[in-house]
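Enquirer: Provided below are the primary sequence and the corresponding predicted coordinates.
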Amino acid sequence: LDRLRAVVPWALLVIAWSSIGPAMGDPMAPTSQDRQIAHAVTFKLQTGHLTEHKMDDEISQRCLAAFLESLDPWKLYFRQSDVDRFAAREKELDDLVRDRKLEEFLNFAHTVFSSMLQRVDQTPVIVDELLVGPRDFTLDEEILRDPDLATYANSDAEARDKWRKLIKYDLLSLKAEKLGKEEGEDVDDEDPVEKLRSRYKSRFRRTHQTDREELLEIYLTALTSAFDPHTSYMSPDSYENFLIVMRLELQGIGAALQSMDGETVVRKIIPGGAADKDGRLKVDDKIVGVGQGPDGEIEDVVNMKLKDVVRRIRGDKGTVVRLEIVPADGLERNTIAITRDRIELKDSEAQGDIFEEGKKADGQPYKIGVIDLPSFYMDLEAARRGDPDFKSTTRDVRNILEGFNRDGVDAVVLDLRRNGGGSLQEAISLTGLFIDQGPVVQVKDAAGVVQP
């Protein structure tokens, strides 16, 4: 944890270990593992957070508000009566944490989520009725598209009216999207009502597919964000994805996947990856089954959560995964075996390009070097192992700058518009490529020690 905080000091990253099975009968019920994680997170918040904010009623209220917002950001499911019932206990959460009644603390999240699932299950009937019912597009009506301004429905009738307006808005959006297509562009001929029905059905199904680890992550992040918006709890899956983003490398087949109406669709084949070299998997193919090894049983993955499909497809370099495919061209489904490999995410690393603009005194154009830097990436594990060639933003940008110098570039633009952050260590060392001395940032820890 301390090593991670040194790399990303604005975030408290708490990593969960392998899960212990849930209580029998209720897969969402908190486990002893969850209590241990909650204890670790709450202990660090109370003893090591920069703000030194006490675990008090204010934190408790913020936690509940953030939790409800995460579960139901558009306020489509919960009624105001539900929220009032939860709010009756909003000043108890801090007491449960301080008194180490962590099972009761976690059970509250379970209760809130179960209540939302009940509301979600009431919604499909309403949506189906509204989708087939008449609609009057001549009425002058409004719908709030800012979740911060939305309010919870006070009655079932008010909730139904919110869905009526949403369906009306979504149908108009689909029509506008279709009308906005330029000549020659592909036009979706699917009936907009059926398209919406499928979209809403997928939304309801995804809510039900939330597992215990995800609910714990949502709940504990609501608590950590009550201290400050940059502190979060990472589940094992989130941490693994974080490491992939930081090292720009994973082991798998090299395909970007998307969940569409319960089906896993190939959205992109990563150049140079295992799937690209194999050549049989194509964009828009649907993956309907996954098998492990040359002869492992094919497991049906239709309607399976995308992250669970990805978990089955990823694996160690050199191992085989078998994919049952429904080709995009409509031919019969088939099964292909691909040997997993090390995949480099080249599209996410620093890229350099040179443009010619304007004229210098001698009449020659200026050479402008542009560096597109999507993040401050760094292979944390390789760096800790002492690997001298660990993946590094600074090393990649240095190579680009050396190339610019060889090509006689006159000026450099460093493009950070889509840079979401990353390793502070890399941000500092990269700045050193441009500024030769002086501090560029100060880090203050919970003890008040400031390190330039």
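Expert: All right, it came through fine.

Enquirer: show me where this protein has strands.
Expert: Assigned by DSSP state E, the strands in the chain fall at 249-252, 255-260, 263-269, 286-292, 299-300, 320-326, 334-339, 341-344, 351-357, 366-372, 411-415, 443-444, 450-451.

Enquirer: Which of these sits closest to Leu93?
Expert: strand 443-444 (27.9 Å; Cβ to Cβ). Backbone N, C-alpha and C define where each C-beta goes, glycine included.

Enquirer: now the closest one: how far from the chain's centre is it?
Expert: Strand 443-444 sits 28 Å away from the centroid of its parent chain (Cα atoms, centre = their mean, to the nearest Å).

Enquirer: in its sheet, what does that strand sit against?
Expert: strand 450-451 (antiparallel) (DSSP bridges).

Enquirer: ok, back up a step: and the strands of the chain as CSV, adding mean pLDDT and distance to Leu171?
Expert: Formatted as CSV, the strands of the chain follow (pLDDT from 0 to 100; distance: least, Cβ to Cβ, whole Å):
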stretch, mean pLDDT, distance to Leu171
strand 249-252, 93, 39
strand 255-260, 92, 19
strand 263-269, 93, 23
strand 286-292, 95, 26
strand 299-300, 94, 33
strand 320-326, 95, 29
strand 334-339, 94, 37
strand 341-344, 92, 40
strand 351-357, 96, 40
strand 366-372, 97, 38
strand 411-415, 97, 39
strand 443-444, 89, 51
strand 450-451, 94, 56
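
Enquirer: so which of the ones you listed gets nearest Ala382?
Expert: When the strands of the chain are compared (using Cβ to Cβ), the closest one is strand 249-252, at 9.4 Å.

Enquirer: And the helices in the stretch 101-250 of the chain, which stretches?
Expert: 102-132, 156-179, 192-208, 212-225, 236-247 (DSSP state H, counting those that start in this stretch).

Enquirer: Of those, which stretch is the most buried?
Expert: helix 212-225 (a mean of 22; mean count of other Cβ atoms under 10 Å).

Enquirer: now the angle between helix 102-132 and that helix, please.
Expert: Relative orientation of helix 212-225 versus helix 102-132 (axes from the mean of the first three to the mean of the last three Cα atoms, to 10 degrees): 110 degrees.

Enquirer: how distant is helix 212-225 from the center of its chain?
Expert: Distance of helix 212-225 from its chain centroid, counting by Cα atoms, centre = their mean, is 14 Å.

Enquirer: Out of the strands of the chain, the one nearest Glu217 is which?
Expert: The nearest among the strands of the chain, by Cβ to Cβ, is strand 255-260 at 18.7 Å.

Enquirer: How far away from the center of its chain is the closest one?
Expert: 14 Å.

Enquirer: who does it pair up with?
Expert: Going by DSSP bridges, the partners of strand 255-260 are strand 263-269 (antiparallel).

Enquirer: Give me the buried positions along the strand it pairs with.
Expert: 263-266, 269 (16 or more other Cβ atoms under 10 Å).

Enquirer: Return the member of those nearest to Arg395.
Expert: Nearest to Arg395 among the buried residues of strand 263-269: Ile269, at 27.2 Å, using Cβ to Cβ.

Enquirer: pretty sure that closest one is in contact with Asp285, am I right?
Expert: No. With contacts counted by Cβ atoms under 8 Å, Ile269 stays clear of Asp285, the gap being 9.6 Å.

Enquirer: confidence score at the spatially most distant residue from the centre of the chain?
Expert: The C-alpha centroid of the chain is most remote from Asp362, which lies 51.1 Å away (Cα atoms, centre = their mean). Model confidence at Asp362, given as pLDDT, is 92.

Enquirer: Would you mind measuring from it to Ile368?
Expert: Going from Asp362 to Ile368 by Cβ to Cβ, to the nearest Å gives 17 Å.

Enquirer: Also Gly272?
Expert: As judged by Cβ to Cβ, Gly272 and Ile368 stand 29 Å apart.

Enquirer: Over to Ile435?
Expert: Applying Cβ to Cβ to Ile435 and Ile368 gives a distance of 20 Å.

Enquirer: Lys282 now?
Expert: Distance, Lys282 to Ile368, by Cβ to Cβ: 38 Å.

Enquirer: who's more crowded, these two?
Expert: Ile368 (17 against 14; other Cβ atoms under 10 Å).

Enquirer: residues contacting the more buried one?
Expert: 354-357, 409-413 (Cβ atoms under 8 Å, 6 or more residues apart in numbering).

Enquirer: for Arg79, same thing?
Expert: Taking Cβ under 8 Å, 6+ apart as the test, what Arg79 contacts is 119, 152-156, 159.

Enquirer: tell me the two of the residues you listed that are most distant?
Expert: Arg119 and Asn154, at 13.9 Å, using Cβ to Cβ across the contacts of Arg79.

Enquirer: So for stretch 302-316, first residue to last residue, what's the gap.
Expert: Terminal residues of stretch 302-316 are spaced 24 Å apart (Cα to Cα, to the nearest Å).

Enquirer: Mind listing residues that contact that stretch?
Expert: Applying Cβ under 8 Å, 6+ apart, the contact partners of stretch 302-316 are 205-206, 209, 211, 237, 250-253, 255, 257-259, 262-264, 287-288, 290, 292, 299, 301, 321, 323, 340.

Enquirer: Drop anything exposed from the residues you listed.
Expert: Burial by neighbour count, judged by 16+ other Cβ under 10 Å, picks out 205, 211, 237, 250-253, 255, 257, 259, 263-264, 287-288, 290, 292, 301, 321, 323, 340 from the contacts of stretch 302-316.

Enquirer: Could you pull up the residues touching Leu64?
Expert: Residues near Leu64 by Cβ under 8 Å, 6+ apart: 86-87, 90, 93, 222.

Enquirer: just Gln292 next, same as before
Expert: Applying Cβ under 8 Å, 6+ apart, we find Gln292 in contact with 312, 315, 319-322.
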